[in-house]
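In: Please find the sequence and the predicted model below.
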Amino acid sequence: MRDIFGIYRGLAVLIALSALALIVARHLLFPFFKKIAQKSKNKFDDLLLKYRTVERAVHLVPAIIFYVLLPHVLPKESILFQLLFTFNNIYFIVISFLIFDSFLHACASHILSKSHKQGLPIQGVRQALFLVGLLFCTILVISQLTGKSPVILLSGLGALATVFMLIFRDSILGFTAGVQIASLDLVRTGDWIEIPKEGINGTVQSVTLTSIRIINWDNTISILPAYSLVSTPFKNWRLMEESGRRRIQRSLLIDARSLAPLSEEQIKHLNNNPLYRPVLENLASTFPKDEKPLNLTVFRLCVDAFLRTIPEIDTSRTLIVRELESKSYGIPLEIYLFTTTSKWIPYENFSSTLIDRLMARLPEFGLTLYQRP
């Protein structure tokens with residue numbers, strides 16, 4: 001009887017000691033780390049506090065004390081020892097998993113806080129690691145409840161591999177895709193992407209482990225599996241937006257019937273424009289005296305000179321005005337250049353105004369646009 005009372009008294013002392021250790025850890029160790037984090041210039045320790053990593057870690061202190069002292073209080077052969085020992089181990093495993101989850105949140109936030117890492121699909125990778133940790137935590141808990149080695153349980157999972165592949169197919173494929181997307185920096189949150197095969201054209205709102213959410217320009221929402229970005233061709237406009245330069249590639253369809261050599265009167269009229277005069281002087285040195293340049297040739301060269309005077313055009317990049325192959329609907333005169341703005345509305349306004357100005361200059365050269373009868 002005395003032994004029984006002694007055992008229960010020792011157990012009560014052990015529980016009280018573990019509870020006291022938790023109180024001391026929460027009121028001494030945790031505030032101590034908090035003060036260090038506040039004084040430190042490193043932001044990562046602040047994230048550890050924000051996501052309760054340290055707060056959860058202090059719960060390991062009573063579990064460790066209970067694990068070390070329990071064999072000195074109860075005989076290992078007793079049922080009560082086995083129950084308390086198993087419960088303490090499960091508690092330790094669950095708390096460790098919660099610490100791991102908090103640490104993943106802190107790491108993900110720390111990476112995304114860096115300006116050059118913003119928009120990376122880090123959350124998808126975090127979710128994948130969370131699932132892996134959850135799987136191991138579940139196996140360890142089952143191992144404690146059944147008394148079997150985790151290795152035996154893992155070997156037994158081979159028979160269920162097909163079932164797991166069916167259940168976690170999107171998660172597994174999403175994890176591999178997330179690693180490729182993050183390592184190759186294929187897409188970020190906020191990127192404008194086009195997937196013609198899926199009819200998608202819009203901004204990426206979120207990238208998770210299993211899916212990608214995209215808001216299209218018509219305000220519809222498209223959701224597709226994360227691994228589709230790896231297996232399906234798509235266009236990412238990020239570089240265009242970051243560079244602040246956007247291409248204009250438009251054509252004027254010139255009526256072939258309006259092509260003719262410039263007359264003396266037209267040449268004199270064009271010479272009055274200081275922008276056109278150098279173009280005509282250069283042409284005069286290359287053409288025989290008895291041969292006049294074609295109006296389309298002069299127009300093409302004058303347009304090139306005109307475009308190089310517009311400040312909204314980046315002349316350091318490719319700028320070319322060229323004639324394409326003649327078609328049944330006219331002669332395409334293509335304008336290929338880059339603007340100094342990539343914003344949608346200013347870009348569209350500028351490109352439309354530019355084409356309007358070029359079309360308005362056609363009569364000066366005796367040219368007309370082709371119009372299908």
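Out: Noted; the coordinates are in hand. Nothing here was measured: the structure is a model prediction, and the numbers come from that model.
In: would you list every one of the strands in the chain?
Out: All strands of the chain, identified by DSSP state E, fall at 192-195, 200-207, 211-216, 221-225, 235-236, 246-254, 320-323, 331-339.
In: Can I get the ones you listed in TSV including mean pLDDT?
Out: Shown next, in TSV, are those (pLDDT from 0 to 100):
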stretch	mean pLDDT
strand 192-195	92
strand 200-207	90
strand 211-216	90
strand 221-225	89
strand 235-236	92
strand 246-254	94
strand 320-323	94
strand 331-339	95
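In: who's in contact with the nearest residue to G330 once chain neighbours are set aside?
Out: In space, and not counting its chain neighbours, G330 is closest to Y370: 3.1 Å by Cβ to Cβ, 6 or more residues apart in numbering. C-beta: built from backbone N, CA, C; applies to glycine. For Y370, the contact set (Cβ atoms under 8 Å, 6 or more residues apart in numbering) comprises 253-256, 329-331.
In: Who wins on neighbours among these?
Out: Of all those, the highest neighbour tally under other Cβ atoms under 10 Å goes to I254, namely 24 neighbours.
In: Tell me which residues of stretch 53-72 come out buried.
Out: Residues of stretch 53-72 classed as buried by neighbour count (16 or more other Cβ atoms under 10 Å): 53-63, 65-67, 69-70.
In: One more: stretch 242-249?
Out: 245-246, 248.
In: chain center to that stretch: distance?
Out: Distance, stretch centre to chain centre, for stretch 242-249: 20 Å (Cα atoms, centre = their mean, to the nearest Å).
In: end-to-end on that stretch?
Out: 20 Å (Cα to Cα, to the nearest Å).
In: which outside residues touch that stretch?
Out: Against stretch 242-249 from outside (Cβ under 8 Å, 6+ apart): 240, 314, 317, 334-342, 347, 351, 354.
In: Produce a PyMOL select command limited to the buried residues of the residues you listed.
Out: Applying 16+ other Cβ under 10 Å to those, the buried members can be selected in PyMOL as follows:
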select buried, resi 314+335+336+337+338+339+340+341+342+347+351+354
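In: looking at this protein, which helix or strand is least sure?
Out: helix 161-167 (a mean of 66; mean pLDDT, DSSP states H and E).
In: Excluding chain neighbours, what is closest to A106?
Out: Nearest to A106 is L47, by Cβ to Cβ, 6+ apart, at 4.0 Å.
In: Low-confidence regions, the stretch 51-200 of the chain specifically.
Out: 115-121, 124, 154-168, 183 (pLDDT under 70).
In: quick one: the helices in the stretch 151-300 of the chain?
Out: Using DSSP state H, counting those that start in this stretch, the helices of the stretch 151-300 of the chain run over 161-167, 169-184, 228-231, 238-243, 264-271, 277-286, 295-307.
In: What residues does the nearest residue to Y91 once chain neighbours are set aside make contact with?
Out: Spatial nearest neighbour of Y91, chain neighbours left out: A63 (5.6 Å); criterion: Cβ to Cβ, 6+ apart. Going by Cβ under 8 Å, 6+ apart, A63 touches 18, 88, 91-92, 95.
In: how about 6 Å then?
Out: 88, 91-92 (Cβ atoms under 6 Å, 6 or more residues apart in numbering).
In: how far does stretch 252-268 sit from the chain's center?
Out: 51 Å.
In: what residues go with each domain of the protein?
Out: Using automatic domain parsing, the domain parsing of the chain gives 1-113, 116-236, 244-365.
In: Now do the contacts for F92.
Out: A63.
In: Relative to I355, how far out is it?
Out: 71 Å (Cβ to Cβ, to the nearest Å).
In: One more: T203?
Out: 27 Å.
In: One more: A57?
Out: A57 is 65 Å from I355, by Cβ to Cβ.
In: Regarding the protein, what is its longest helix?
Out: helix 79-112 (DSSP state H).
In: If I take that one and helix 169-184, what angle do their directions form?
Out: With axes from the mean of the first three to the mean of the last three Cα atoms, to 10 degrees applied, the angle from helix 79-112 to helix 169-184 works out at 40 degrees.
In: how about helix 79-112: buried residues?
Out: 81, 84-85, 88-93, 95-110.
In: circling back: can you tell me which of the contacts of stretch 242-249 lies nearest to T176?
Out: M240 (28.4 Å; Cβ to Cβ).
In: residues contacting that closest one?
Out: 246, 342.
In: switch the cut-off to 8 Å
Out: 246-247, 342.
In: again with I95
Out: 56, 59-60, 63 are the contacts of I95 under Cβ under 8 Å, 6+ apart.
In: again with D45
Out: 33, 36-37.
In: How confident was the prediction at it?
Out: Per-residue pLDDT puts D45 at 79.
In: do D3 as well
Out: The predicted local confidence for D3 is 63.
In: who's in contact with stretch 123-141?
Out: Looking at what lies outside stretch 123-141 - Cβ under 8 Å, 6+ apart - the contacts are 90, 93-94, 96-97, 100-101, 104-105, 107-108, 150, 153-154, 168, 171, 174-175, 177-179, 181-182, 206-209, 226.
In: at 6 Å instead, please
Out: 90, 93, 97, 100, 104, 108, 150, 153, 175, 178, 182, 207-209.
In: Buried residues in stretch 42-52, which are they?
Out: Applying 16+ other Cβ under 10 Å to stretch 42-52 flags 45-49, 51 as buried.
In: Identify those among the residues you listed that sit within helices.
Out: Short answer: the buried residues of stretch 42-52 in helices (DSSP H) are 45-49.
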